[in-house]
Structure formats: C-alpha cells, structure tokens
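*Asks:* coordinates for the following, if possible.
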Amino acid sequence: MRLPQGKILHVPELESTQDELSRWVRGGNRAVVGVRTDHQTSGRGRLGRPWLTPPGEALALSLALYPYADWKQPQLLGMAVALAAARALDLLLQWPNDLVLETPGGIRKAGGVLAEMVPSGERRVPVVGIGVNLTVRQFPPDLPFATSLALAGRSAPAPERAQELILSALSEVPEPTAWSALRDLWMERDRTPGKRYLYRDIPREAIGVDDEGRLLLSTEEGVVAVPSAEAWYGDGSGVSGA
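*Replies:* As a prediction, this is how the structure comes out:
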C-alpha cells in the first residue's frame with residue numbers, strides 16, 4: 001500500500017485520535033497525515049463502542065489515507081490496515097478488522113481498526129484508526145473477552161515502536177484493489193469461524209470468510225453472505241461483532 005506523506009502528530013492526551021485527525025482532514029490541511037496519543041479519554045471503536053486506552057499502555061493511532069481518497073473499494077481499506085497491524089505485531093484476524101490472540105481461555109480481542117470516510121473539499125478521505133492493547137493489565141468487567149499482548153505473555157513494543165512496525169508492514173501489503181489481492185495473506189491469520197455476530201439483531205455463528213471477502217453466517221434460512229461494506233457503513237443489516 002501507498003503510505004501518506006506528511007507529519008504524524010504525537011499528542012500526550014486526546015479525547016479521540018480519530019476525531020482529532022478528522023478535523024484536520026475536513027479543514028483541508030494535508031500536512032498532518034496521522035495522530036497518535038498516549039492517553040485517549042473518549043476513544044471509540046466500530047458502531048460507536050467506547051475504546052479503552054490507558055495512559056502509555058496501548059497504541060492509539062489514526063492515519064489519513066490520502067492516496068486512497070474516493071477509493072472504489074473503500075471497505076477493503078480497513079481490512080488491509082488490520083492485515084498490516086496483524087503482520088506487524090503477529091496477531092490474528094476476525095472479520096472485518098478485529099485483531100485477536102489465541103489464549104488458553106479461547107480467542108481474545110487485543111485490538112481493532114476503525115475505518116471512516118471523511119469529507120475534504122469535494123473528495124472523501126479514508127481515516128483509519130488503529131487501537132492495540134500493548135501492556136494493559138486490567139480491563140473493566142464489561143470487556144471479558146479483551147486482552148493485551150502483555151497479558152497473553154507476549155513481548156509488547158512501546159507505542160511508538162508499534163507505530164513504526166505497522167507503517168512498515170503497511171508498505172508491504174498489496175494494493176486493496178480487490179479482495180483477491182488480500183485474501184491469501186488474510187486467510188493465513190483468519191480466526192473468524194465460530195465467532196458470533198449480530199445479524200438483524202439476532203446472534204449468528206460465523207462459518208468463515210468467502211472468496212469475495214464476505215462474512216458467511218449460519219441462519220435458519222441457510223448460509224448468509226454479508227459484504228464487508230455493510231459492516232463498515234452500517235446500512236441497516238445490523239451486522240456487528242457479538
């Protein structure tokens with residue numbers, strides 16, 4: 001993938017790297033292409049869920065992918081960035097962009113990617129947030145399936161080093177022109193089968209990811225294929241990780 005050229009700001013504390021960078025994008029200032037913080041006080045994940053970022057214990061980084069403005073396959077950008085993060089930090093993947101680890105207690109979520117299209121003049125720029133739990137040691141009771149690299153017994157880089165590793169890995173990910181460009185690398189790390197997703201407000205079990213990058217869910221009516229665009233844009237299908 002092509003990396004954006006410009007400055008990545010480091011701010012000790014922010015409400016949200018995603019919101020901060022989106023303001024730069026809307027303002028048309030392309031000098032800043034990324035924002036990282038040590039402490040995110042109002043971080044958010046997909047579907048508006050809160051995202052925990054304790055001071056100095058997690059990576060909170062957002063990138064403005066200017067080379068992919070008005071990209072014809074925008075839903076693949078979040079998956080491509082998740083793939084890069086997984087390769088950089090040796091993590092596994094669950095559709096569409098969760099970063100997970102296998103632990104003695106089962107699959108646990110260690111991070112994720114939030115991809116949004118932000119208007120900038122007459123164009124729409126993808127702003128992609130990356131959150132990874134590095135040395136977080138304690139999670140609230142309502143996050144029973146969360147973990148960190150440190151809790152999983154893994155060596156955890158400092159946030160700035162994690163940023164460097166992910167940017168390097170991004171440059172090695174194929175151009176996301178189609179799912180076929182990402183498929184083989186994604187499937188090497190995919191742990192989607194067995195995960196439960198809400199589909200039209202009903203929990204369904206995932207069978208896997210098909211050859212077009214769609215989520216396959218088991219329902220009473222048979223197997224349903226859900227495009228990744230539906231999870232990204234939220235078009236009424238009600239697809240979310242459960």
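
*Asks:* ramachandran angles for Thr17?
*Replies:* phi -60, psi -30 (degrees, to the nearest 10).

*Asks:* output the longest strand belonging to this protein.
*Replies:* Criterion DSSP state E: the longest strand present in the chain is strand 106-120.

*Asks:* which strands or helices does that strand pack on?
*Replies:* For strand 106-120, the packing partners by 3 or more Cβ pairs under 8 Å, 6 or more residues apart in numbering; DSSP states H and E come out as helix 17-26, helix 75-89, strand 92-94, strand 98-103, strand 123-133. All C-beta spots, glycine's among them, are computed from the backbone N, C-alpha and C.

*Asks:* helix, strand, or coil at Leu185?
*Replies:* helix (DSSP: H, G, I helix; E, B strand; the rest coil).

*Asks:* secondary structure element for Ser168?
*Replies:* Taking DSSP states H and E as the criterion, Ser168 maps to helix 159-170.

*Asks:* buried ones in that helix?
*Replies:* 159, 162-163, 165-167, 169-170 (16 or more other Cβ atoms under 10 Å).

*Asks:* how about JSON lines for those residues, with distance to Leu92 and pLDDT added?
*Replies:* Shown next, in JSON lines, are those (distance: Cβ to Cβ, whole Å; pLDDT from 0 to 100):
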{"residue": "Pro159", "distance to Leu92": "21", "pLDDT": "97"}
{"residue": "Ala162", "distance to Leu92": "16", "pLDDT": "98"}
{"residue": "Gln163", "distance to Leu92": "20", "pLDDT": "98"}
{"residue": "Leu165", "distance to Leu92": "16", "pLDDT": "98"}
{"residue": "Ile166", "distance to Leu92": "16", "pLDDT": "98"}
{"residue": "Leu167", "distance to Leu92": "21", "pLDDT": "98"}
{"residue": "Ala169", "distance to Leu92": "15", "pLDDT": "98"}
{"residue": "Leu170", "distance to Leu92": "18", "pLDDT": "97"}
